[in-house]
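Visitor: Predicted coordinates and the sequence they were generated for:
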Protein chains: 2
Amino acid sequence: MDQRELLARAAHLDAGDALAPLREAFHMPEGMVYLDGNSLGLMPKAVPARLQAVAHQEWSEGLIRSWSNAGWFDLPMAVGDRIAPVIGAGPGEVAVGDSTSVNLFKCLAAALHLRPGRTVILAEANNFPTDIYMAQGLAALVPGVRIEFLEEGQTVAQRVHDQVAVVLLSHVDYRTAVVRDMERINREARAGGALVLWDLSHTAGAVHCDLRGSGSDLAVGCTYKYLNGGPGAPAYCWIRAELMEQVRQPLAGWMGHAAPFGFPRDYAPAPGARRMVCGTPQVLSLSALDEALKIWGGVDLAALFAKSRVMTDFFIEAVEALCAGHGLQLRVPRDAAARGSHVSFDLPQGFEVMQALAARGVIGDFRAPATMRFGFAPMYLRFADVARAAVLLRDIVDTREWDQPRFRVRGKVT
Amino acid sequence: MDQRELLARAAHLDAGDALAPLREAFHMPEGMVYLDGNSLGLMPKAVPARLQAVAHQEWSEGLIRSWSNAGWFDLPMAVGDRIAPVIGAGPGEVAVGDSTSVNLFKCLAAALHLRPGRTVILAEANNFPTDIYMAQGLAALVPGVRIEFLEEGQTVAQRVHDQVAVVLLSHVDYRTAVVRDMERINREARAGGALVLWDLSHTAGAVHCDLRGSGSDLAVGCTYKYLNGGPGAPAYCWIRAELMEQVRQPLAGWMGHAAPFGFPRDYAPAPGARRMVCGTPQVLSLSALDEALKIWGGVDLAALFAKSRVMTDFFIEAVEALCAGHGLQLRVPRDAAARGSHVSFDLPQGFEVMQALAARGVIGDFRAPATMRFGFAPMYLRFADVARAAVLLRDIVDTREWDQPRFRVRGKVT
């Protein structure tokens, strides 16, 4: 495939993309090809007006009355109901607030409570660090609780045993994009008497996920990647409805209480998933997320997830054709069905290449030591963008454009 | 004191108020007397423009690069540095993020870690409920940890013993406005080998507080009351610098890690107070708070706290003079030095009276069973507002204006 052929195919794919109009809901910076929606999604155009309404009407004029009149109190569950269909959860089952890290803690502790006598968290060794850190924080706090690591290549069936309370895994690996088989892993864990806590941060909004249909127990996820909720947007958690009435979680704040304004001395959990809410909801961040999620109403999710697979296939094929001979190593599965919505290539000069790409308007990210990571948000990317990124990457490696001192400056958060 | 005299005194006090120009920084709804700044502060006029800049420039255009270029990563500590002088903390000592509830959990667990072998949390029985609930959540999670209640009228000296790790108290009582003697209580706790965790939610921004000078150990607080950070604005925590390097807290998220982008498998706390940060900061809410706190630069805090005392004295005197014979019972100390920045009166018809006042534009709040609560934010209230509230309250109890079915509707969040 040469460049001309590539661009023609991109044009053809874009012309046939029924989801293309969704791009209009987002602000894309002029001239940019944004392949980092797996870190921070684009801003939906409707968000600034919502923030102004919250500030000027709800806060400024409505003041304290807005807790009831503007629905602030209900936001954690109302926003959860917008996320639910995207991850295969039911209405009233998703609670939104706090960070992914804090929700991991709540859910790990809830899982230990649901499996009394069991004290082991079986944690994926190469999970995103905060998942492991939160498990370590819990283990350091509660005597007897300990972590065993599920190493690369091991199965849950091999490692689960009668002391494992919960298995902690990401559904889509943040480096390798490997998609785990939720149903099989849930079954393997259940056979060993353990629960599974899924981190859906790299799943929700880009990859098929059916929490209820796959027999899942617990899940958490962030909303600032493919859900476009904004920097540090509130996270969510989900627990299977059948378990909920037995759930106790230690971050037992007043906003998850059965009678938050009755002010009784003792904690009593609210019915259902509301008990996963802790302190006062961060209304500004939650409102922006609420607005961002409105885009999802009516979206054909199957078509969206299919677009992600076609798009990542297309990028892999384009890069391998155009950059052949430059030593790029594909770090993600070739089989689109086993792959999330990002593509990683390893290259010793990966850091410099990503900087050079950024200078040309193609934004991806880099994970040490040598991984170039490109995220493909199917909601707003065009195949023409993907082709352009591949062509520029080819230009940069062909001409050694990356080999400049200004592209070697490290230490920035990317 | 009759009404004419009251209004003349208010005019005189307003004329001599050097802080009066600060009111201009806030949006006050037309015709409203807002006496609920102790629940949710007014909106600073500069906040909407900041939110627009964050949305349109930092998020929308800067995207992922804003974590370094716009200072998002540093916000938790930068915002903390704005709060520090208001509560008598030093630079670099205050970490901002999460809710007050979550910060209570972090600090209670940190205190238990700092006092190995001790397992009791001595908790003020009438504290704001979420303070107690978070302690209960921790006690339910960690075997051996238990709560003893410090009942009304008991001193810390009487109740501290060699199993008490931490005493949990509010500096200003959310109902009675009683201000506790920080220095004495810190001394009593220390004599018993215990730490004290102060909740400053009803203190910060209205009442003098010198964390370092009073020999305090730990503190948390919210920012949506007198600090005007917006609905559900992020909370803060503080730990004495001399203790910090020994501090371990269980909500050990990646943003409090020593090397958050090195992605090592094991958690290692960042130096200093940054280790109290957990997950990804909620940038929208944090930015609004950051903007709101800019107002505090250069404010004469001693004059501000003095204004709070004169103002609450003035309201008590006015209400007791104008409403004499109607059975209002003062629930707060008469001595302004022992009182926070709100005034509570009990009245059997308190709920209906507060509704009738709201219908006349005076917003306060109500705490069951019979407490009418009026908050006085010295930063933006005028003595004329205070006089007007007292006059309208008099009118309502004199004419039994409160005795209407529409004022009896309960169940709303106020």
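Guide: Happy to help now that I have it. Treat the numbers as computed from the prediction; the structure is a model and nothing was measured. Numbers count the residues shown, from 1 in each chain, chains lettered A, B, ... in the order given.
Visitor: Look up phi and psi at A:Ile396.
Guide: Torsion angles at A:Ile396 (phi, psi; degrees, to the nearest 10) stand at phi -70, psi -40.
Visitor: State the pLDDT value of it.
Guide: We have a pLDDT of 98 for A:Ile396.
Visitor: quick one: it and A:Met354, what's the gap?
Guide: Here A:Ile396 is placed at a distance of 10 Å from A:Met354 (C-beta to C-beta, to the nearest Å). The C-beta positions use only the backbone N, C-alpha and C, and glycine is treated the same way.
Visitor: and what of A:Val120?
Guide: Note on A:Val120: its distance to A:Met354, by C-beta to C-beta, is 39 Å.
Visitor: and if you look at A:Ala321?
Guide: Distance from A:Ala321 to A:Met354, by C-beta to C-beta: 20 Å.
Visitor: who has more neighbours, the two?
Guide: Between A:Ala321 and A:Met354, counted using other C-beta atoms under 10 Å in any protein chain shown, the more crowded position is A:Met354 (26 against 15).
Visitor: Domain-wise, how is chain A divided?
Guide: What automatic domain parsing lists as the domains of chain A is A:3-30+A:300-407, A:48-296.
Visitor: Could you say which of the ones you listed is packed most deeply?
Guide: domain A:48-296 (a mean of 22; mean count of other C-beta atoms under 10 Å in any protein chain shown).
Visitor: okay, the domains of chain A in TSV with distance to B:Gly90 next?
Guide: Shown next, in TSV, are the domains of chain A (distance: least, C-beta to C-beta, whole Å):
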stretch	distance to B:Gly90
domain A:3-30+A:300-407	34
domain A:48-296	26
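Visitor: of all those domains, which lies closest to B:Gln249?
Guide: Nearest to B:Gln249, of all the domains of chain A, is domain A:48-296, at 7.4 Å by C-beta to C-beta.
Visitor: List the neighbouring strands of the helix-or-strand element of chain A with minimal mean pLDDT plus their orientation.
Guide: The least trusted helix or strand in chain A, going by mean pLDDT, DSSP states H and E, turns out to be strand A:365-367, with a mean of 91. If you go by DSSP bridges, strand A:365-367 pairs up with strand A:371-375 (antiparallel).
Visitor: hang on, the earlier thing: hmm, who's touching the least confident helix or strand of chain A?
Guide: Outside strand A:365-367, the residues that touch it by C-beta atoms under 8 Å, 6 or more residues apart in numbering or on different chains are A:36, A:39, A:175, A:344, A:350-351, A:354, A:372-373, A:375, A:414, B:64, B:263.
Visitor: a markdown table please, covering those residues and showing secondary structure.
Guide: Shown next, in a markdown table, are the contacts of strand A:365-367 (DSSP: H, G, I helix; E, B strand; the rest coil):
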| residue | secondary structure |
| --- | --- |
| A:Asp36 | coil |
| A:Ser39 | coil |
| A:Arg175 | coil |
| A:Ser344 | strand |
| A:Gly350 | helix |
| A:Phe351 | helix |
| A:Met354 | helix |
| A:Met372 | strand |
| A:Arg373 | strand |
| A:Gly375 | strand |
| A:Thr414 | coil |
| B:Ile64 | helix |
| B:Phe263 | coil |
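Visitor: Name the residue of the stretch 1-150 of chain A with the shortest distance to chain B.
Guide: The minimum distance from the stretch 1-150 of chain A to chain B, using C-beta to the nearest C-beta, falls at A:Ser99 (2.5 Å).
Visitor: who touches that residue in this structure?
Guide: Taking C-beta under 8 Å, 6+ apart as the criterion, A:Ser99 is in contact with A:222, A:232, A:234-235, B:98, B:253, B:278-280, B:282.
Visitor: Take those and keep only those in helices.
Guide: Among the contacts of A:Ser99, no member falls in helices (DSSP state H).
Visitor: Hmm, A:Ala292 and A:Asn228 touching each other?
Guide: Yes - with contact defined as C-beta atoms under 8 Å, A:Asn228 reaches A:Ala292; the gap is 4.7 Å.
Visitor: Name the residues contacting each of the two.
Guide: A:41, A:44.
Visitor: mind checking how far the helix ranked longest in chain A is from the chain centre?
Guide: Of all the segments of type helix in chain A, defined by DSSP H, the longest one is helix A:301-322. Put simply, helix A:301-322 sits 19 Å off its chain's centre (C-alpha atoms, centre = their mean, to the nearest Å).
Visitor: tell me the angle that helix makes with strand A:371-375.
Guide: Orientation check (axes from the mean of the first three to the mean of the last three C-alpha atoms, to 10 degrees): helix A:301-322 against strand A:371-375 gives 140 degrees.
Visitor: Next secondary structure after helix A:301-322?
Guide: Helices and strands here follow DSSP states H and E; after helix A:301-322, the next one along the chain is strand A:329-330.
Visitor: Pairing partners for that following strand, with directions?
Guide: Strand A:329-330 is paired, per DSSP bridges, with strand A:342-346 (antiparallel).
Visitor: Can you tell me, leaving aside adjacent residues, what's nearest to whichever residue of the stretch 151-300 of chain A sits closest to chain B?
Guide: Proximity of the stretch 151-300 of chain A to chain B (C-beta to the nearest C-beta) peaks at A:Gly279, 2.5 Å away. Spatial nearest neighbour of A:Gly279, chain neighbours left out: B:Ser99 (2.5 Å); criterion: C-beta to C-beta, 6 or more residues apart in numbering or on different chains.
Visitor: so what pLDDT did that neighbour get?
Guide: Looking at B:Ser99, its pLDDT reads 98.
Visitor: For the lengthiest strand in chain A, give the mean pLDDT please.
Guide: Longest strand in chain A, counting residues (DSSP state E): strand A:164-170. Mean pLDDT, computed over strand A:164-170, is 98.
Visitor: Flag the shaky bits of chain A, pLDDT-wise.
Guide: A:411-414 (pLDDT under 70).
Visitor: which residue ranges form the helices in it?
Guide: Along chain A, the stretches classed as helices by DSSP H are A:3-15, A:47-53, A:66-69, A:75-87, A:100-114, A:129-141, A:156-159, A:182-191, A:241-244, A:283-293, A:301-322, A:350-359, A:383-398.
Visitor: For A:Asp173, give me its contacts.
Guide: A:Asp173 is in contact with A:126, A:180, A:202, A:340, counting by C-beta under 8 Å, 6+ apart.
Visitor: any idea what sits nearest the first one, other than its immediate chain neighbours?
Guide: Using C-beta to C-beta, 6+ apart and skipping residues adjacent in sequence, the residue nearest A:Asn126 is A:Glu152, 6.0 Å away.
Visitor: cool, and the third one?
Guide: If you skip the residues right next to it in sequence, A:His202 has A:Val172 as its closest partner in space, 3.9 Å away by C-beta to C-beta, 6+ apart.
Visitor: Is that neighbour bridged to anything, and to what?
Guide: Here A:Val172 sits in beta bridges with A:Val179, going by DSSP bridges.
Visitor: can you pull the contacts of it?
Guide: A:178-180, A:200, A:202-203, A:207, A:340-341 are the contacts of A:Val172 under C-beta under 8 Å, 6+ apart.
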